[in-house]
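1. Show me how the following folds:
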Amino acid sequence: IFNYLKWLLLVLFAAYLISGTYKVDRDSVGVVSRCGALLHRAVPPGLHYKLPWPIDTLEQVAVKQVKTLELSDFVMQKDQPASQSRGNMFFFDTGIDPYCITGDNNIVSVKLLLKYTIDDPVTFLYKNKHSRVSLERAAASIAIHKLAQRKVDDILTHGKKQIEIEMLSELKSRINGLQTGISITFLEIQNISPPEKVGDAFNQVINANVNKKQTLNEAQGYYNRVVPQARSSADQIVQD
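-> Just a heads-up that it's a prediction; the model follows:
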């Protein structure tokens, strides 16, 4: 019986040692810590060995994956993702989307699309436990402030692209300061529109402004054609 137990213990010990073998996926790196202390910051893809749990622990971080974040709720709470924010609960209770206020005290509904990668796995795992939440809150804060600096006509027409550029630049700077380990690669305002109940009125105003500019351009073109001809004719009459 003792021999059987001895061989059983040897087999179990061998299996325990073999359990330290691990594989890092192709699009990831491994972060290995020993007894809570960082041992390897970025183990490359492939087959590797570490001391079995609980001595060494492994975290795999997909650094080559481009992750997507859609944000349409800007009522953010501390350390809470957008899916659990007060604005989201408000929508479920009332069916009304949360809105952002513009610089001329109008309101618009905004949907943002963010794409990001993890460029520092250690920072992402250990320095900021709420990296995604920090990204959501930073993007929401910047969107609110940028929209509050512009008039609604500018936001809904030709100012959208410039707002995207400014938001992306400021978001990159702020995320670097928060030490999230995240790198922002893309930001787009997917949709920006007035509330549904007044959407038709907003569209009528925008169309009226477009028609106004078109009429003014046509009038200016007519002026540029007719007035020089009239002045030329007047000069000719005076000379005669």
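2. Which element is encountered next along the chain beyond the one helix or strand in the chain whose mean pLDDT sits lowest?
-> Every helix and strand of the chain was ranked by mean pLDDT, DSSP states H and E. The lowest is helix 86-94, at a mean of 51. Going down the chain from helix 86-94, the next helix or strand is strand 100-101, by DSSP states H and E.
3. For the longest helix out of those in the chain, name the packing helices and strands.
-> What stands out as the longest helix in the chain, according to DSSP state H, is helix 199-239. Counting contacts by 3 or more Cβ pairs under 8 Å, 6 or more residues apart in numbering; DSSP states H and E, helix 199-239 packs against helix 152-156. For every residue, glycine as well, the C-beta is placed using N, CA and C.
4. so where is the protein shaky, pLDDT-wise?
-> Scanning the chain with the threshold set as pLDDT under 70 gives 73-98.
5. same thing but at 50, please
-> Counting by pLDDT under 50, the low-confidence segments of the chain come to 83, 94.
6. who's in contact with residue 42?
-> 29-31, 121 (Cβ atoms under 8 Å, 6 or more residues apart in numbering).
7. For those, name the two members farthest from one another.
-> Distances among the contacts of residue 42 were taken as Cβ to Cβ; the most separated pair is 30 and 121, at 8.6 Å.
8. Give the intersection of the neighbour lists for those two.
-> Counting by Cβ under 8 Å, 6+ apart, the common neighbours of residue 30 and residue 121 are 42, 59, 61.
9. Helices of the protein, start to end?
-> 2-18, 86-94, 121-122, 131-147, 152-156, 160-178, 199-239.
10. So for residue 31, what's the nearest residue that isn't a sequence neighbour?
-> Excluding the flanking residues, the one nearest residue 31 by Cβ to Cβ, 6 or more residues apart in numbering is residue 59, at 4.6 Å.
11. Surely the one you found and residue 24 touch.
-> No. Residue 59 is beyond contact range of residue 24, at 10.5 Å (criterion: Cβ atoms under 8 Å).
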